[in-house]
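K.L.:
Just a sequence and a predicted model for now, questions to come.
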Amino acid sequence: VDLPADLERALVDAVGAEHVRPGTEEPGACVDWTGRFVGESPAVVRPADTEQVAAVLAACSAAGATVVPQGGNTGLVGGSVPLKGEIVLSLVRLRRLDDVDRSARQVTAGAGVTLGDLQQHARAAGFAYAVDLAARDTATVGGSVATNAGGVHVLRYGDTRRQLVGVEFALSDGRVVRHLSGLEKDNTGYDLAGLFCGSEGTLGVVTAARLRLVPRRAERVAALLAFAETADALAAAQAIRDRTPDLEAAELFFDDGMRLVCEAFSLTSPFADSSAVYLLIECAADDDPTTRLGSLIEETPASDAAVAHDHDRRLALWSYRELHTSAINTVGAPHKLDVTIPLDRMPAFATEIRARIGELGPGVRVWLFGHALDGNLHVNVTGLAPDDERVEELVFPLVVSLGGSISAEHGIGTAKKRWLHLARTQTEIEVFRAIKLALDPAGILNPNVLL
Ligand code: FAD
Ligand code: 2HG
Ligand code: ZN
């Protein structure tokens, strides 16, 4: 795909020649993290600040060129890659990171700041940034706002939307909206930060965000528990939540995932015997929560438990859960169905889809894991061609019939847009289209995503 000479000149004027690169020289920007979605681009453009983002968008708008905003490119629904020859607008150079506002307990961060750097910055000031996920060292503030990322702390602190106080963004024609004052009470019309959160790059380009911080808990403990039944693991997670305010994470995975992670990364399970289901619990508090968690574990039907208080051993327990996504990639490019199911239906759902997906073919394998107390199961399926959508056709209607959602936290992207109608009414989708038309009338932003 070629870049028209006029547009190339305008982009170079906006950001400098070294930050306008042909897609052929930036293959990593044209394929998603799973390898399932591959595209091509005439140019990967990396502006340094909000004004340059605005100038790039104005130039693309004038030329009628379509644009895919991209942060860390860790998105899992094919929304961050140029599938039909779009220009990639990379935000990774927008690394503004203001001093923590201690009295407001907030911070303003540029779109390109990684979640890991933001967490580190908050910690250094005695706070924490609540959203945490395995891609923390690559995923960006802008991408996490655009997808309303969830992660492992939702049960205690909520998703990205709950942390978001204000947003700065550039519209497709180059106008900039800045609403970063951080007032907790500000009822002056539409909530644009809320609207942009989860908009997946379809309405405008997030250039900065004003984010809430939470207290930093000095002490934490992780425990990996083994169970014979999914229902027992879920009931244990609920019981622990009911009995302590310290609970910060409750993550679910299964024996096949544990084996795959151990095989792919040469790890050994902490348990001598394998079990059907594993629950990873983390508690955090100002004082050491280990004894409190220990007595709560005693009351569960866990057949085995490994408890870790020191930093390295905690991370070692977390690696069995966090390495699932990478381990599955070693089997093949997966189909990822990130669904929510009412908790009481999750055990039966897991059994049923394992059986039904297994029938799709001899090489088709299903990997289940997720955020237990959010009812959020990550259904990963390997052994299907990237465009073979039989598994989506099978699983999504079932999820909706059980009162669940076809996307818990990753978004709709390209991967799920055919099924949006299962989750949203015709009228809701008409409202979505009206909003899209009002903010991006020429339709140049992320044309393959959501609608
Ligand atoms: P990208 O992948 O670059 O983009 C994602 C979407 O946002 C695209 O549609 C893109 O066009 C748009 N976008 C990006 N930046 C901007 C911007 N500045 N303005 C407007 N639009 C923009 N997600 C969860 O919710 N919970 C998890 O636990 C979780 N764990 C993960 C673990 C791994 C190992 C990986 C690889 C991914 C995980 N994700 C998880 C998925 C992913 O959604 C998050 O990593 C993150 O929110 C994406 O940020 P990013 O900067 O990589 O965005
Ligand atoms: C997680 O919870 C992420 O680890 C990724 O949301 C899920 O790989 C997946 O399907
Ligand atoms: Zn997740």
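P.N.:
Yep, it's here. Numbers count the residues shown, from 1 in each chain. Ligands and ions are numbered 1, 2, ... in the order given.
K.L.:
all helices of the stretch 351-451 of the chain, in order?
P.N.:
390-401, 420-423, 426-439 (DSSP state H, counting those that start in this stretch).
K.L.:
so can I have JSON lines of these showing mean neighbour count, mean pLDDT and distance to ligand 2?
P.N.:
All C-beta spots, glycine's among them, are computed from the backbone N, C-alpha and C. Putting the helices of the stretch 351-451 of the chain into JSON lines (neighbours: other CB atoms under 10 Å; pLDDT from 0 to 100; distance: least, CB to the nearest ligand atom, whole Å) gives the following:
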{"stretch": "helix 390-401", "mean neighbour count": "17", "mean pLDDT": "97", "distance to ligand 2": "13"}
{"stretch": "helix 420-423", "mean neighbour count": "14", "mean pLDDT": "97", "distance to ligand 2": "18"}
{"stretch": "helix 426-439", "mean neighbour count": "13", "mean pLDDT": "98", "distance to ligand 2": "24"}
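K.L.:
Take these and write them to JSON lines, including distance to Asp132.
P.N.:
Shown next, in JSON lines, are those (distance: least, CB to CB, whole Å):
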{"stretch": "helix 390-401", "distance to Asp132": "26"}
{"stretch": "helix 420-423", "distance to Asp132": "26"}
{"stretch": "helix 426-439", "distance to Asp132": "29"}
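K.L.:
can you tell which of these is closest to Val339?
P.N.:
helix 390-401 (4.7 Å; CB to CB).
K.L.:
anything in stretch 442-451 near ligand 1?
P.N.:
Yes - remark: stretch 442-451 sits within contact range of ligand 1 at 446, 449, by CB under 6 Å from any ligand atom.
K.L.:
ah, wrong one, I meant stretch 259-277
P.N.:
No - figure legend: stretch 259-277 not in contact with ligand 1 (CB under 6 Å from any ligand atom); closest approach 12.4 Å.
K.L.:
my read is Arg259 is in a helix, agree?
P.N.:
Yes - per DSSP: H, G, I helix; E, B strand; the rest coil, Arg259 lies within a helix segment.
K.L.:
count of neighbours near it?
P.N.:
Neighbour count for Arg259, taken as other CB atoms under 10 Å: 13.
K.L.:
show me the residues around it that make contact.
P.N.:
Ser274 (CB atoms under 8 Å, 6 or more residues apart in numbering).
K.L.:
Show me which residues of the stretch 251-400 of the chain are close to ligand 1?
P.N.:
When proximity is defined as CB under 6 Å from any ligand atom, the stretch 251-400 of the chain approaches ligand 1 at Thr325.
K.L.:
One more: the stretch 101-250 of the chain?
P.N.:
111, 133-135, 139-140, 142-144, 146-147, 149-151, 200-201, 205-206.
K.L.:
do that again at 8 Å, thanks
P.N.:
Contact residues, the stretch 101-250 of the chain versus ligand 1 (CB under 8 Å from any ligand atom): 111-112, 114-115, 133-135, 138-152, 159-160, 169, 196, 199-202, 204-207.
K.L.:
quick one: which of the residues you listed sit in strands?
P.N.:
169, 205-207 (DSSP state E).
K.L.:
Can you lay out the residues you listed as CSV showing pLDDT and neighbour count?
P.N.:
What follows is those, written out as CSV (pLDDT from 0 to 100; neighbours: other CB atoms under 10 Å):
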residue, pLDDT, neighbour count
Phe169, 98, 29
Val205, 99, 28
Val206, 99, 30
Thr207, 99, 27
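K.L.:
Going by distance to Phe253, which of those residues wins?
P.N.:
Distances from Phe253 to these, taken by CB to CB, are shortest for Val206, at 31.8 Å.
K.L.:
Now narrow the residues of the stretch 101-250 of the chain next to ligand 1 to whatever sits close to ligand 2.
P.N.:
Near ligand 2, judged by CB under 8 Å from any ligand atom, the entries from those are 133-135, 150-152.
K.L.:
Around ligand 2, pick out the residues from the stretch 51-200 of the chain.
P.N.:
76, 133-135, 150-152.
K.L.:
Can you tell me which of the residues you listed lies closest to Ala355?
P.N.:
Leu76 (24.7 Å).
K.L.:
what sits against that closest one?
P.N.:
32-34, 325, 336, 338, 410, 413, 415 are the contacts of Leu76 under CB under 8 Å, 6+ apart.
K.L.:
any idea of the pLDDT on the spatially closest residue to Asp49 that is not a sequence neighbour?
P.N.:
Closest residue in space to Asp49, ignoring its immediate chain neighbours: Leu94 at 6.4 Å, by CB to CB, 6 or more residues apart in numbering. Leu94 carries a pLDDT score of 98 in this model.
K.L.:
Over to the nearest residue to Ile341 once chain neighbours are set aside: give its phi and psi.
P.N.:
In space, not counting the residues next to it along the chain, Ile341 is nearest to Gly404; the distance is 4.3 Å by CB to CB, 6+ apart. Main-chain dihedrals, Gly404, degrees, to the nearest 10: phi -100, psi -170.
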